[in-house]
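Chemist: Provided below for reference: sequence and predicted model.
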Amino acid sequence: MKRQTLLITGATGFIGQHLVKKLQTPALQKKYKILCLTRKPIDAPFVLGSLEDQRTLLHATRNVDCVVHLASVTQSSHKHLNYVTNVVGTHHLLEACRENNVKRFIYGGTVNADLARRGIYGESKRLAETLVKESGLDYLILKFNMVYGIGDNNLSKTFRLVKKLPFVPVIGSGCGKMQPVFVDDVVDVILASLQKKKLPHRVYNIAGPSIFTFNEYIDMILDHLHIRRMKLHLPSFLFRILVHLTGRTFEKTITLEIVNSIGQDKHVDISATKRDLDFEPREFKKTLTLLRDRHPFP
């Protein structure tokens, strides 16, 4: 059986690293030949370049069966950087795919693109999704909720803050609903997308099986760590002022995107994903134990 050739962008990102590692297992190496578009050398077949480099994109997409586009700016509050990478970069990649007749395009989207109050990141991803839908390619859009696991910038950050501080600062009421999804389940659904070739022009929500509030999320972490902390609810405008005054100094910890999204409901319907992509995400509480056994959070 002929191996599929995959081009993966964002291979050095959180989801990308986990996906590439899985694709390098012996069983999957028999099915897929991978090439990663990266800015620096990695321990996998790669081509050096960026989404802004159209010449490299034309070279990288040659003889490729499917592009898995995971690259994006997620932690920066710089509007121009978000637009250039997430929107213009996606446009360049789509053009290269059309030029080289790439058969399929799997796009890593986000539920932030559907929020009523979108930040810079969410808006740029919404624009990029529109480009994918209007590309004329055989596309699949996977809209990720908060993805967590070892090496992430979400749950790991919360663990560090909870352990370090005498109280837990919470933006607003903490009643915004969330639906985090385990990174291993995300990788599995991407692999399922590669197998299911008769699903053109589809959009799927990728989220965990349970919906809970941010307050409940903190409570589960505290219970898991066997520690007690008081939650200190602070108005969102205080965090907005902090972000405004500090600029991008603390954007690895907090951005306006985070302030906006925590206060909004981010629960989604995953029934179509379960039906079409055999998606069976694991419960948040169970994965906390699994992660602790694999590698303790810092």
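Modeler: That came through fine.

Chemist: just the CA trace of stretch 281-290, in PDB.
Modeler: As requested, the backbone C-alpha atoms of stretch 281-290 are provided in PDB (Å, rounded to 0.1, in the frame of the first residue of the first chain):
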ATOM      1  CA  PRO A 281     -12.200  11.900  24.400                       C
ATOM      2  CA  ARG A 282     -11.200  11.100  27.900                       C
ATOM      3  CA  GLU A 283     -12.600  12.600  31.100                       C
ATOM      4  CA  PHE A 284     -10.600  15.500  32.500                       C
ATOM      5  CA  LYS A 285     -10.300  14.000  36.000                       C
ATOM      6  CA  LYS A 286      -9.000  10.700  34.700                       C
ATOM      7  CA  THR A 287      -6.400  12.300  32.600                       C
ATOM      8  CA  LEU A 288      -5.100  14.200  35.500                       C
ATOM      9  CA  THR A 289      -4.200  10.900  37.200                       C
ATOM     10  CA  LEU A 290      -2.800   9.600  33.900                       C
END
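
Chemist: got the contact list for that stretch?
Modeler: 148-149, 180-182, 184-185, 207-210, 212, 217, 220-221, 224, 270 (C-beta atoms under 8 Å, 6 or more residues apart in numbering). Yep, even glycine has a C-beta here, placed from its N, CA and C like the rest.

Chemist: pull out the buried residues from it.
Modeler: Neighbour-count burial for stretch 281-290 flags 281, 284, 287-288 (criterion: 16 or more other C-beta atoms under 10 Å).

Chemist: in helices, which of these appear?
Modeler: 284, 287-288 (DSSP state H).

Chemist: show me where the stretch 51-200 of the chain has helices.
Modeler: 54-60, 79-82, 89-99, 120-133, 155-164, 183-195 (DSSP state H, counting those that start in this stretch).

Chemist: lowest-confidence helix or strand of this structure?
Modeler: helix 236-246 (a mean of 74; mean pLDDT, DSSP states H and E).

Chemist: so where's this structure uncertain?
Modeler: 1, 75, 244-254, 293-298 (pLDDT under 70).

Chemist: which stretches of it form strands?
Modeler: Under the criterion DSSP state E, the chain contains strands at 4-9, 32-38, 46-48, 66-69, 104-110, 138-144, 147-148, 167-171, 177-178, 181-182, 202-206, 212-213, 230-234.

Chemist: looking at those, which is buried most?
Modeler: Burial of the strands of the chain is given as mean neighbour count (mean count of other C-beta atoms under 10 Å); strand 66-69 ranks first at a mean of 26.

Chemist: related to what we said a few turns ago, quick one, which of the strands of the chain gets closest to Ser156.
Modeler: strand 147-148 (7.9 Å; C-beta to C-beta).

Chemist: partner strands of that closest one and their direction?
Modeler: strand 181-182 (parallel) (DSSP bridges).

Chemist: what is the neighbour count of Ser271?
Modeler: Using other C-beta atoms under 10 Å, Ser271 has 10 neighbouring residues.

Chemist: I'd like to know how far it sits from Lys22.
Modeler: 25 Å (C-beta to C-beta, to the nearest Å).

Chemist: tell me the contacts of Arg39?
Modeler: 12, 48-50.

Chemist: redo that, cut-off 10 Å
Modeler: 12, 46, 48-51, 53, 71 (C-beta atoms under 10 Å, 6 or more residues apart in numbering).

Chemist: out of those residues, the closest to Leu161 would be?
Modeler: Thr12 (25.0 Å).

Chemist: tell me the bridge partners for the nearest residue to that closest one once chain neighbours are set aside.
Modeler: In space, and not counting its chain neighbours, Thr12 is closest to Thr38: 5.8 Å by C-beta to C-beta, 6 or more residues apart in numbering. Residues in a beta bridge with Thr38, per DSSP bridges, are Leu48.

Chemist: pretty sure Thr38 sits against Leu51.
Modeler: No: counting by C-beta atoms under 10 Å, Thr38 stays clear of Leu51, with 11.2 Å between them.

Chemist: any common contacting residues for these two?
Modeler: Residues touching both Thr38 and Leu51 (C-beta under 10 Å, 6+ apart) are 9-10, 71.
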